[in-house]
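S.K.: kindly generate the corresponding structure for this input.
(chains A, B and C)
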Amino acid sequence: MDQLISQVILGLVSGALLVLLALGLNLILGLLEFINFSHGALYMVGAYLTSYLIVATGSIWWALLLVPIIMGLFGAGLERTLIRPIYRRHLVDGLLLTFGLSYVIIEGMRMIAGSGGRRVPAPAVLDFQVPLGVGRPVPAYLLFVVVVVGAVVAGLWLFLQRTNVGLIVRAGIRDHVMIRALGVRFDRYRTLVFALGVAVAGLAGVLTGPITGVYPEMGAEILVLAFVVVVVGGMGSFWGAVLAGLLIGVLVSLTTLFASVYAGIVPFVLMILVMAFRPRGLLGTT
Amino acid sequence: MSDVTTDTSTGDGSTGRAPVTAVRAGTAVPERWKWGQLLLLAGLAVIVMFTVPNPSLAIGILIYGLWSSGLNLLLGYGGMVSFGHALPFAWGGYAAGLMLLHVTTSAWAALAVATVSMAVLSVGVGAVCLRRTEIYFSILTLAFAQLGFFIALQWRSVTGGDDGLAGIPVSTLWLPGVTLRLNALGDPLLFFLFTAAVVIVVLAGLILYTESPMGRVLQAIRENEERARGCGYNTRVVQLVTFVIAGAVAGLAGGLFAMLNSFVGLQPYWLLGGIVLIMAILGGRGSLFGPFLGAVTYLLLESVLSRHFASWQLIVGAIFVICVLTFPQGLWGLLTSTAPWRLLRRVRGSR
Amino acid sequence: MSDLILRAEKLDRSFGGIHAVAGVDLDIRRGSLHAVIGPNGSGKTTLFNLITGHTRPGAGRVAFDGHDITGMPYHKVARRGLAKSYQITTVFPLLTVFENVRIAAQSAAHSYVFWRPADGIRPVTAHTERVLERIGLAESRGVIAGNLSHGDQRRLDLAIALATSPRLLLLDEPTAGMSPSDTAATVELIHELNRDVTILMTEHKMDVILSVADTITVLHQGVVLFEGGPDEVKSHPKVQEVYLTGTV
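M.R.: Okay, here's the model as predicted:
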């Protein structure tokens, strides 16, 4: 029983990280109309930046603050220089371009940091176990991750609901033609949304580091799962991504406990079932 | 020799993804070759045979080219980006490997099983991947490839898991009146010629498909799916048939690759999934021959660069990005828009 | 064979509380040139989408040539002989003009053929030539469609619809965004086409409507306000009140 509860909590933590990636993908997908294939690679860069920042500053707190900003700026630069020329082309080119970018980023990181991984220490302040009353005590850092993700999700939701940018983004997801009529300024929103998505991916990288360490392929692995989350939750659906991310996290975690051989397959089976019986996704509307 | 069906000289300006008023054509549309591509491929095979010193590399070029050319049916002709084209290649490899190991050493049987079984599997996979839009398609193909990877990794009793299937026996090739042994190490020339023959026959089939009414509809769907439906076409059926063909071709290529190496491993196959996409785009998505150019270029770049530079894939990735941004029609597009080629066309046109 | 090619009965559709189309009956006579008019938001587009199967009706049914096509997928409706020319020009931009039309022309008999070259099918290429000739695009057959002028793209759009040999042609604002001279040419073309195809069209330009249509249905807020010939519509007081005043 104890083990079961611990496993559910672990699942929620890994699911929460998936949620962050999936929300960023969803945002970009909604407004820019293509899957950002380099999302996983950018997440990996965020995680590596964290490991270097910790060496430089001795604390993860600076990374939590700085990495999303750096990654956001990097994302904005990427959008302005390389991605912008692709909007007016066929959908296929956006996919291919970001696929190529991820290739370059991953290989570049291998060249800079080597193929081996790096360990990232959890902050010393959080290096204790929290008794929850049920189950085994849980490392404080994992609870911290859940809290941060919760705050970011809430913040994003408010941002989308309450601000002008959010209004445009939501309108853009529903009606691209109408939003195009707004003209030139739409470009800025695209940059902003892309930067925001990358910043959130970077943050996910910061949070992941102390749990799994960092290595060049980490993004490629999780990206596929984040895609599955987007599909299962419903493309463009905010809460669908949250629900599907947590669901998949917990399902995988529980399968690891009972039949670890199948753990890797579970998300895909879920995805195939969803595509077969509810192709618009759990909370998708169209 | 070849038929040029489109006028490319007028192409300039930019494409609107969502046409509001007039739709503009993109940058120059590359020339469309039909049967002439077969001659080009035969010529390329001859050049490769005489210039590439490493027989395994020479045969590999043909196999990768075949795999990539099949992918380009989806990518360039259908406008569908599959990130999961490693799945049919790996499946074909395992299918052929298992046949040769446990059932028969007949090359025909092994390749037929690799091709047909993958075609059947593709019907199911394609039905799921094509349920929704193009974006779903890309994500779902990637997810299926990952699923295949997990299954191959875990199902050790059949696939050998991490260790792969080693010691695949040399296959036997029955031809009318003669029986040959397809030993890639002992008699690489025979293996090369056999591969070249298979590849050329398959390319002929692919050309026929792209020139047939159904293949033409596929290209119309790439341009405007809604309109194709308005012409009365069940666009999903056309896309599914194409997906099955591309899967079957990849299965065949995977089978050949397994025979070439006498081995089917896990890691190499899945790492190759992105490479085949790079080959197709770099070579040129506007033709079926282009991907063969891409395979040659990629593999030669690899063999030259990897000797001097550990991170050679970084260079290849950068070339790929530049290609997508500045010459999206790849080497084939560059080649067919260069001066001598244009001259050739003008001469032909004036006759 | 019934005199009606299309019969829509009690079609109903609402979007989030707004009744876009409310119990519309529409009969199209074979050979007629029928126009549906009405101010913006009167339900014209929704009505078209209900007919083509793009939108499922909340209630009611559509019969095309005696067959129930309610809720049938678009490509099947198209196959039965109902073609649509689009308000937003939709062609196959990277294919040649000839190929654009040829794709549509082959749909009747050779849709899913994959074992012989498409260019060798004589009846299809001959039919394509005839359509190009008729629409006046024969000269541009080798041009990439995306490089055509706006007016020519609209004509190509029409040619694609026509090449499927439809029995009913839906034209959604065929002269939208056209210059006066292009408009005049298109009006002439529509007249000419109507000699062997039944046409159902919408249009904003009243003068175009009044000069081409033989039957006019006036929609207002999702219901049929009036139906009659051009002269009746012109003189009908209620129609003038909601539509003609201020628009012409």
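S.K.: contacts and neighbour counts: CA atoms only from here.
M.R.: Noted.
S.K.: give me the low-pLDDT residue ranges for the chain?
M.R.: In the absence of a named chain, this looks at chain A. A:172-185, A:286 (pLDDT under 70).
S.K.: actually chain C
M.R.: C:1, C:111, C:242-248.
S.K.: can you tell me the centre-most residue of it?
M.R.: For chain C, residue C:170 is the residue whose C-alpha lies nearest the centre (Cα atoms, centre = their mean; 1.5 Å).
S.K.: now the helix or strand harbouring that one - C-alpha only, CSV.
M.R.: Element membership of residue C:170, judged by DSSP states H and E, is strand C:168-172. What follows is strand C:168-172, C-alpha atoms only, in CSV (Å, rounded to 0.1, in the frame of the first residue of the first chain):
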residue,chain,number,x,y,z
LEU,C,168,-25.9,20.7,-59.8
LEU,C,169,-23.3,23.4,-59.4
LEU,C,170,-23.1,25.5,-56.3
LEU,C,171,-21.5,28.9,-56.8
ASP,C,172,-20.6,30.8,-53.7
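S.K.: hmm, whichever helix or strand comes after that strand in reach of chain B?
M.R.: Per DSSP H and E, the first helix or strand lying C-terminal to strand C:168-172 is helix C:180-193. No: looking at helix C:180-193 against chain B by Cα under 8 Å from any Cα of the partner chain, there are no contacts, and the closest approach is 14.7 Å.
S.K.: helix C:180-193 packs against which elements?
M.R.: helix C:206-212 (3 or more Cα pairs under 8 Å, 6 or more residues apart in numbering or on different chains; DSSP states H and E).
S.K.: who does the helix or strand that the helix it packs on is followed by pair with, and is each partner parallel or antiparallel?
M.R.: Downstream of helix C:206-212, the next assigned helix or strand under DSSP H and E is strand C:215-220. According to DSSP bridges, strand C:215-220 forms sheet pairs with strand C:33-37 (parallel), strand C:223-228 (antiparallel).
S.K.: most packed of those?
M.R.: Mean neighbour count (mean count of other Cα atoms under 10 Å in any protein chain shown) peaks for strand C:33-37 among these, with a mean of 25.
S.K.: got the CA coordinates for that strand in PDB?
M.R.: Only the C-alpha atoms of strand C:33-37 are listed here, as PDB (Å, rounded to 0.1, in the frame of the first residue of the first chain):
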ATOM      1  CA  LEU C  33     -30.400  29.100 -62.200                       C
ATOM      2  CA  HIS C  34     -31.400  29.600 -58.600                       C
ATOM      3  CA  ALA C  35     -30.000  32.300 -56.400                       C
ATOM      4  CA  VAL C  36     -30.100  32.500 -52.600                       C
ATOM      5  CA  ILE C  37     -29.700  36.100 -51.400                       C
END
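S.K.: and for it, what are the contacting residues?
M.R.: Here strand C:33-37 makes contact (Cα atoms under 8 Å, 6 or more residues apart in numbering or on different chains) with C:28, C:44, C:194, C:198-204, C:209, C:212-219.
S.K.: just the buried residues of those residues.
M.R.: For those, a neighbour count by 16 or more other Cα atoms under 10 Å in any protein chain shown gives the buried set as C:28, C:44, C:194, C:198-204, C:209, C:212-213, C:215-219.
S.K.: show me what the longest helix along chain A is packed against.
M.R.: As assigned by DSSP state H, the longest helix anywhere in chain A is helix A:2-32. With contacts defined as 3+ Cα pairs under 8 Å, 6+ apart, the packing partners of helix A:2-32 are helix A:39-57, helix A:140-162, helix A:164-174, helix A:186-212, helix A:218-233, helix A:238-259.
S.K.: starting at the chain centroid, how far to the last one?
M.R.: So the one you mean is helix A:238-259. Using Cα atoms, centre = their mean, to the nearest Å, the mean C-alpha position of helix A:238-259 is found 15 Å from that of the whole chain.
S.K.: report the buried residues of the very next helix or strand once past it.
M.R.: Using DSSP H and E, the helix or strand that follows helix A:238-259 towards the C-terminus is helix A:266-277. Judged by neighbour count (16+ other Cα under 10 Å), helix A:266-277 contains these buried residues: A:266, A:267, A:268, A:270, A:271, A:272, A:274, A:275.
S.K.: which one of these is nearest chain C?
M.R.: Chain C has its nearest neighbour among the buried residues of helix A:266-277 in residue A:275, at 19.9 Å by Cα to the nearest Cα.
S.K.: contacts only, for that closest one.
M.R.: Counting by Cα under 8 Å, 6+ apart, residue A:275 makes contact with A:232, A:281, B:128, B:131.
S.K.: count of neighbours near the residue nearest to residue C:68 when sequence neighbours are not counted?
M.R.: Distance criterion Cα to Cα, 6 or more residues apart in numbering or on different chains; nearest residue to residue C:68, sequence neighbours excluded, is residue C:62 at 5.9 Å. Residue C:62 has 26 neighbouring residues, counting by other Cα atoms under 10 Å in any protein chain shown.
S.K.: also the one 10 residues further on?
M.R.: Neighbour count for residue C:72, taken as other Cα under 10 Å: 18.
S.K.: wait, residue B:229 touches residue B:238, no?
M.R.: No: taking contacts as Cα atoms under 8 Å, residue B:229 lies outside contact range of residue B:238: 10.9 Å.
S.K.: more neighbours: which of those two?
M.R.: Legend: neighbour count by other Cα under 10 Å for residue B:229 and residue B:238, higher for residue B:229 (22 against 19).
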